[in-house]
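S.K.: only the shape, not the letters, is given here:
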Ligand SMILES: Nc1ncnc2c1ncn2[C@@H]1O[C@H](COP(=O)(O)OP(=O)(O)OP(=O)(O)O)[C@@H](O)[C@H]1O
Ligand SMILES: [Mg+2]
């Protein structure tokens with residue numbers, strides 16, 4: 001007897017349960033793809049090193065954190081997970097550090113002890129109060145190592161006061177380990193969408209040059225193979241379809257999960273062309289570009305950044321045109337593009353991150369979003385006109401004859417249609 005085919009709704013439900021698109025993956029999610037960074041972060045924190053994961057959105061930072069926290073707990077490490085978005089933005093320094101301490105207190109069931117300490121030490125500044133509470137209350141109440149994860153660390157940039165001293169205090173807690181052995185038990189891990197210099201500029205007090213940077217990369221084909229299991233065809237077909245999905249997503253964590261989820265829910269998708277059609281409907285069609293969260297994040301990060309948007313688009317345009325742009329970690333524009341998640345580093349050159357972005361954020365997209373695009377085109381045309389006019393002038397000087405009527409600004413030729421419009 002053949003097995004009954006599941007009802008379409010059941011099929012969709014199963015696919016939805018396997019794949020999770022958007023938001024932190026629970027620690028036991030079956031579609032969690034372990035990467036090199038999983039081992040690196042776990043090892044770093046087990047060794048008590050300050051670790052940080054600073055990268056673009058939807059790369060899996062929070063999912064990695066939840067999973068690593070669970071692994072650390074299994075090893076007897078006490079773990080605190082702080083999500084800074086929970087604290088809010090419109091706060092004084094005192095409210096912010098107090099809020100941070102409250103979150104720690106709730107997770108470790110030390111609310112009363114920390115509250116008492118806070119109230120008894122009101123003559124100290126907020127940072128000192130927080131740091132001393134951690135050292136004198138938290139570390140004395142727990143035995144063994146403590147790891148404090150701070151997620152969404154980039155939100156400190158929107159606070160109305162400077163948080164430089166927060167980062168400096170993390171560094172200091174490492175520097176003082178020799179004199180204060182208790183501090184060896186205290187380890188921090190920061191995660192968010194920022195560069196170290198966005199968070200603190202002073203190279204003498206930054207903790208980022210004494211810590212371990214954890215690089216989160218897109219899934220390799222080998223790593224992503226576990227995602228084939230949820231596609232619900234036979235094994236060979238699953239692997240074939242996943243390969244086609246990866247061709248488009250390049251292993252981007254969210255895009256790959258999202259794509260697989262849709263393929264799993266539609267059993268009529270069997271061929272490479274079917275996958276291309278799904279990609280078109282899901283990400284490439286004009287309405288899809290306006291709907292997908294990830295595409296909107298990338299777009300907004302690039303276009304709404306406080307930095308040099310025109311410069312970033314110009315550079316991206318070069319990369320899109322396959323110009324060789326070596327990655328330079330001192331170049332702010334390179335950082336901007338990387339944090340937007342639109343490019344990746346391949347053999348030390350910047351490349352468009354994946355085929356979906358290559359189609360969506362194409363030449364046309366760049367030129368339409370270039371600030372003052374028209375103004376720049378006119379200036380370029382004007383410069384071109386001046387160059388031509390000076391060439392004619394030089395010819396007149398040399399030959400004593402004028403080969404053409406002199407060009408005036410108002411008689412400039414239309415810009416060459418091959419000329420780049422950004
Ligand atoms: N290791 C992973 N395995 C499988 N899918 C993943 C993994 N990491 C992330 N994803 C996919 O990416 C989505 C976003 O993950 P997550 O929220 O952890 O990223 P994030 O970097 O914390 O994002 P944000 O910057 O928005 O906070 C998940 O819902 C999931 O679809
Ligand atoms: Mg997150």
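M.R.: Structure's in. What do you need? Nothing here was measured: the structure is a model prediction, and the numbers come from that model. Ligands and ions are numbered 1, 2, ... in the order given.
S.K.: near ligand 1, which residues of the stretch 251-400 of the chain show up?
M.R.: Taking Cβ under 6 Å from any ligand atom, the part of the stretch 251-400 of the chain that reaches ligand 1 is made up of 253, 254, 257. Glycine gets a C-beta too; all of them are placed from N, C-alpha and C.
S.K.: what residues are up against the residue lying closest to residue 60 once chain neighbours are set aside?
M.R.: The spatially closest residue to residue 60, leaving aside those adjacent along the chain, is residue 253, at 4.7 Å (Cβ to Cβ, 6 or more residues apart in numbering). Residue 253 makes contact with 33, 58, 59, 60, 218, 219, according to Cβ atoms under 8 Å, 6 or more residues apart in numbering.
S.K.: hang on, the earlier thing: next, format the residues of the stretch 251-400 of the chain next to ligand 1 as CSV and append pLDDT.
M.R.: Listed next are these as CSV, based on pLDDT from 0 to 100:
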residue, pLDDT
253, 98
254, 98
257, 97
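S.K.: could those residues go into CSV alongside secondary structure and distance to residue 98?
M.R.: Formatted as CSV, these follow (DSSP: H, G, I helix; E, B strand; the rest coil; distance: Cβ to Cβ, whole Å):
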residue, secondary structure, distance to residue 98
253, helix, 35
254, helix, 35
257, helix, 38
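S.K.: okay, these in a markdown table with distance to ligand 2 next?
M.R.: Formatted as a markdown table, these follow (distance: Cβ to the ion, whole Å):
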| residue | distance to ligand 2 |
| --- | --- |
| 253 | 11 |
| 254 | 11 |
| 257 | 14 |
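S.K.: need these in CSV (columns: distance to residue 284).
M.R.: CSV is the format used below for these (distance: Cβ to Cβ, whole Å):
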residue, distance to residue 284
253, 19
254, 16
257, 18
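S.K.: tell me the buried residues in the host helix or strand of residue 333?
M.R.: Under the criterion of DSSP states H and E, residue 333 resides in helix 332-340. Buried residues in helix 332-340, counting neighbours by 16 or more other Cβ atoms under 10 Å, are found at 333, 334, 335, 336, 337, 338, 339, 340.
S.K.: looking at the stretch 151-300 of the chain, which residue is nearest ligand 2?
M.R.: The nearest approach of the stretch 151-300 of the chain to ligand 2 comes at residue 151, 5.9 Å away (Cβ to the ion).
S.K.: quick one: pLDDT of residue 22?
M.R.: Listed pLDDT for residue 22 reads 87.
S.K.: go on, the one 3 residues further on?
M.R.: As summarised for this prediction, residue 25 has a pLDDT of 97.
S.K.: isn't it up against residue 32?
M.R.: Yes: counting by Cβ atoms under 8 Å, residue 25 touches residue 32, with 5.3 Å between them.
S.K.: distance of residue 143 from residue 195?
M.R.: Using Cβ to Cβ, to the nearest Å, one gets 37 Å for the distance from residue 143 to residue 195.
S.K.: the two: who's more crowded?
M.R.: residue 195 (16 against 10; other Cβ atoms under 10 Å).
S.K.: correct me if wrong: the more buried one contacts residue 54.
M.R.: Yes: assessed by Cβ under 8 Å, residue 195 is found in contact with residue 54 at 6.4 Å.
S.K.: helix, strand or coil: sort out the most centrally placed residue in the chain for me.
M.R.: Taking Cα atoms, centre = their mean, the centroid of the chain lies closest to residue 56, which sits 0.7 Å from it. Secondary structure, DSSP: H, G, I helix; E, B strand; the rest coil: residue 56 is coil.
S.K.: what number of residues lie near the spatially closest residue to it that is not a sequence neighbour?
M.R.: Closest residue in space to residue 56, ignoring its immediate chain neighbours: residue 341 at 3.1 Å, by Cβ to Cβ, 6+ apart. Residue 341 has 24 neighbours, counted by other Cβ under 10 Å.
S.K.: lovely, talk soon.
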